[in-house]
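A.B. asks: Structure, please.
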Amino acid sequence: KTSLASFSAIDLYNGLRSTMSGRNALPEIASEEFRELADGVYKFCATDFNPGRPRTHVMTNVNMAGTATVRWLNEGDFCVILNKNDDTLTFEGTVVPMDTATYGDVSISMEVVFSMSVMFDECYCATNLFPPNNQAPKNPNYGAVENQCTPQAYMMRPAEAENLLFCPKCEQNQCSKANNERNRNGAPKPIWEGWYFYTKVKGSLSGDGVPVFRKIAMESFPDLNPEITTCTLNIENLPLPQFFCSDLDDPNNGYGYGVNAKNQACGFATWFNCQEDVDDGTVDSKLHIADFNFDIEPCPTPNPTTSAPTPPTTPEPTVNPTTSSPTNPQCPTQKKSCTDFENMEGSNMCTTKEDCEMMPGYIFDTTEMGRGCSDMGGNIEDCGCCRKPPTPEPTPQPVPTTPQPTVSTCPLTKDSCKNFENSAGDNFCSTREDCEMTPGYIFDTDMMGLGCSGMGGNEDDCGCCRRPPTPEPTAAPTTPAPTEPDVCKWFNVTDEFCVNVSGIFCPDDE
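C.D. replies: Numbering: from 1, shown residues only. Below is the predicted model of the structure:
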């Protein structure tokens, strides 16, 4: 992967091979392997980010909330080729459903090329034009980028950010974690300084697994057209695909700093839709139907195999909540202080948060060193007591009671209140609250509540609840009858004309 002066790595290898023979002879490199040694070209294998666990994938369907539904794992070598010379990242491989018992022995093959990468300074959410990033670019608000850099926020970006792109994408607190562990992992400032963000994609999914993929998508996105059975990748209006590894020569020794949105390993992440759905207008521009998230590792073989896929290894079953065995070596201790905490059955266990969340009815607890689940003298990261909370005591239902009439704090009913502007004399002394419950009455505290107080002054919240007088009906305005004029005034006529029509001649000044 390196060159000396004008010699490529291939030239150096072939020169070295020509000088060695016998037991020390180097093998001839097949033509399809040349790309592995070409200058500026790196080949890796994709692998799921959480091997052997139920929540892991290379590709996954998602629902409208963006949550993984049906997960897909790589079948054999899933090659990822970074070519710095032509600025591309290529996938060549096959994925199969994790749950083959439900979805069958089907597979999806793909050859997808991402291209035209940009660096972080062209990303809207990495600049100080993104409102929470007042210390960007060196010290962005990673939490705000994760929680507030949404499709809606990007679409409403200010005019001066019009040419900036939708990136970077952080999830599961991984960007903040990379920043917080800078002293150990050597992360730059900002942590996405070297990330590749790709603006173009070309490629499609193929194989007998595509109809299954489409059917699963339609369960979460019912507006999708059931007659569409293909999927050409589309990334419009979505966060840009992102790739990074701090050590391209040895990704197992490198960091991705959260680039795959799942952990700190070298890797890749993107959301995607199918171009066919975009053209059909059946998928919202702010939503997506599937994700890629994976780690990368050195790839030992030159090309992925194209033979019929073999069923993947059946994932280990989720630990039954009644067992007392820990589920992960991160949490090796099964302490009594965890097993019996608020649980008479003693079925709590030490485990990771992810395993605990797979167990219905259990909650993850890290207080008091994970209830004793750590051997370290302090709680191990992501290790605690997976415990069943106590069943709450039923809350007694209150016995319904018949409401008692309100006891008035204004017991006096003075004549001055009873008859005030009310010939019927049915006004009464009352509290404001009681009066407001009486239709057609108003509460009056003028002149000591119109005599409702026996204290020589008006008591607090005590007055006359009175019926206001019915207003006299207002006579409708009458339109005066038109009056006949005494004379008919004509202008610009002659005395002779007036005589002829039996009229009276009026001079102009009248």
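A.B. asks: The lowest-mean-pLDDT helix or strand in the chain: what's the following helix or strand?
C.D. replies: Using mean pLDDT, DSSP states H and E, the weakest-scoring helix or strand in the chain turns out to be helix 34-37, at a mean of 47. Next along the chain after helix 34-37, taking DSSP states H and E as the criterion, comes strand 41-47.
A.B. asks: Let's verify the nearest residue to Arg53 once chain neighbours are set aside: helix, strand, or coil?
C.D. replies: Counting by Cβ to Cβ, 6 or more residues apart in numbering, Glu354 is the residue found nearest to Arg53 once chain neighbours are left out, at 6.8 Å. For every residue, glycine as well, the C-beta is placed using N, CA and C. Following DSSP: H, G, I helix; E, B strand; the rest coil, Glu354 is assigned to helix.
A.B. asks: Then Asn225?
C.D. replies: Strictly by three-state DSSP, Asn225 counts as coil.
A.B. asks: Do I have it right that it meets Val278?
C.D. replies: No. Judged on Cβ atoms under 8 Å, Asn225 makes no contact with Val278 at a distance of 11.4 Å.
A.B. asks: ranges for the helices of the stretch 201-350 of the chain?
C.D. replies: Along the stretch 201-350 of the chain, the stretches classed as helices by DSSP state H, counting those that start in this stretch are 210-220, 275-280, 336-339.
A.B. asks: Tell me which residues of the last one come out buried.
C.D. replies: Pointing back at helix 336-339 there. Cys338, Thr339 (16 or more other Cβ atoms under 10 Å).
A.B. asks: Name the residues that touch it?
C.D. replies: 324, 346-350, 368, 370-373, 385, 387 (Cβ atoms under 8 Å, 6 or more residues apart in numbering).
A.B. asks: ok, 7 Å please
C.D. replies: Ser324, Gly346, Asn348, Met349, Cys350, Arg371, Gly372, Cys373, Cys385, Arg387 (Cβ atoms under 7 Å, 6 or more residues apart in numbering).
A.B. asks: try the second one
C.D. replies: Helix 275-280 is touched from outside by Leu224, Asn225, Ile228, Thr230, Cys231, Thr232, Asn234, Glu236, Val283, with contacts defined as Cβ under 7 Å, 6+ apart.
A.B. asks: Count the neighbours of the last one for me.
C.D. replies: What it means is Val283. Number of residues near Val283 (other Cβ atoms under 10 Å) recorded here: 21.
A.B. asks: Also the fourth one?
C.D. replies: Thr230 sits with 13 neighbouring residues when counted by other Cβ under 10 Å.
A.B. asks: Now for it: which residues touch it?
C.D. replies: Here Thr230 is in contact with Ser204, Val210, Glu276 (Cβ under 7 Å, 6+ apart).
A.B. asks: any idea how far the first one is from Leu233?
C.D. replies: The span separating Ser204 from Leu233 equals 7 Å under the rule Cβ to Cβ, to the nearest Å.
A.B. asks: what about those two, which has more around it?
C.D. replies: Leu233 (22 against 16).
A.B. asks: Surely the more buried one and Gly203 touch.
C.D. replies: Yes. Assessed by Cβ atoms under 7 Å, Leu233 is found in contact with Gly203 at 5.6 Å.
A.B. asks: Show me whatever sits in contact with both of these two.
C.D. replies: By Cβ under 7 Å, 6+ apart, the residues touching both Leu233 and Gly203 are Val112.
A.B. asks: out of the contacts of helix 275-280, which is most surrounded?
C.D. replies: Ranking those using other Cβ under 10 Å puts Cys231 first, with 24 neighbours.
A.B. asks: show me what contacts that one?
C.D. replies: Counting by Cβ under 7 Å, 6+ apart, Cys231 touches Ser204, Leu205, Val210, Phe213, Arg214, Cys274, Glu276.
A.B. asks: Which single one of those is nearest to Ile363?
C.D. replies: Proximity of the contacts of Cys231 to Ile363 (Cβ to Cβ) peaks at Phe213, which lies at 33.9 Å.
A.B. asks: Mind putting the contacts of Cys231 into TSV with pLDDT and distance to Gly256?
C.D. replies: Converted to TSV, these look like this (pLDDT from 0 to 100; distance: Cβ to Cβ, whole Å):
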residue	pLDDT	distance to Gly256
Ser204	97	26
Leu205	97	25
Val210	97	29
Phe213	98	26
Arg214	97	30
Cys274	97	27
Glu276	96	31
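A.B. asks: If we only consider those residues, which is nearest to Asn163?
C.D. replies: Cys274 (27.5 Å).
A.B. asks: show me what contacts the closest one?
C.D. replies: Cys231, Thr232, Asn234, Ile289.
A.B. asks: can you check Leu240 too?
C.D. replies: Applying Cβ under 7 Å, 6+ apart, the residues near Leu240 are Leu165, Phe166, Cys167, Phe197, Tyr198, Thr199.
A.B. asks: Tell me how far it lies from Thr102.
C.D. replies: 33 Å.
A.B. asks: ok, now Leu238?
C.D. replies: In terms of Cβ to Cβ, Leu238 sits 28 Å off from Thr102.
A.B. asks: For those two, indicate the residue with more neighbours.
C.D. replies: The neighbour count for Leu238 versus Thr102, taken as other Cβ under 10 Å, is higher for Leu238 (20 against 9).
A.B. asks: If the closest residue in space to the more buried one that isn't next to it in sequence is in a bridge, with which residues?
C.D. replies: Of all residues not flanking Leu238 in the chain, Trp271 sits nearest, at 4.5 Å (Cβ to Cβ, 6+ apart). Counting by DSSP bridges, Trp271 is bridged to Asp291.
A.B. asks: Report pLDDT for Trp271.
C.D. replies: At Trp271, the model reports a pLDDT of 97.
A.B. asks: Count the residues that sit near the closest residue to Phe49 other than its chain neighbours.
C.D. replies: Of all residues not flanking Phe49 in the chain, Lys262 sits nearest, at 4.2 Å (Cβ to Cβ, 6+ apart). By other Cβ under 10 Å, 23 other residues sit near Lys262.
A.B. asks: Distance-wise, check Lys262 relative to Gly463.
C.D. replies: 69 Å.
A.B. asks: Tell me which helix or strand the nearest residue to Ala68 once chain neighbours are set aside sits in.
C.D. replies: In this structure, Ala68 finds its nearest non-sequential neighbour in Thr60, 4.3 Å apart by Cβ to Cβ, 6+ apart. Thr60 is part of strand 59-62, with elements assigned from DSSP H and E.
A.B. asks: Against which helices or strands is the helix or strand just after that strand packed?
C.D. replies: Following strand 59-62 in sequence order, the next helix or strand is strand 68-74 (DSSP H and E). Applying 3 or more Cβ pairs under 7 Å, 6 or more residues apart in numbering; DSSP states H and E, we find strand 68-74 packed against strand 59-62, strand 88-97, helix 210-220.
A.B. asks: what about 6 Å?
C.D. replies: strand 59-62, strand 88-97 (3 or more Cβ pairs under 6 Å, 6 or more residues apart in numbering; DSSP states H and E).
A.B. asks: got JSON lines for the ones you listed, with mean pLDDT too?
C.D. replies: Below are the helices and strands packed on strand 68-74 laid out as JSON lines (pLDDT from 0 to 100):
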{"stretch": "strand 59-62", "mean pLDDT": "98"}
{"stretch": "strand 88-97", "mean pLDDT": "97"}
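A.B. asks: out of the ones you listed, nearest to Tyr124?
C.D. replies: So among the helices and strands packed on strand 68-74, strand 88-97 is nearest, using Cβ to Cβ, at 21.7 Å.
A.B. asks: That'll do, ta.
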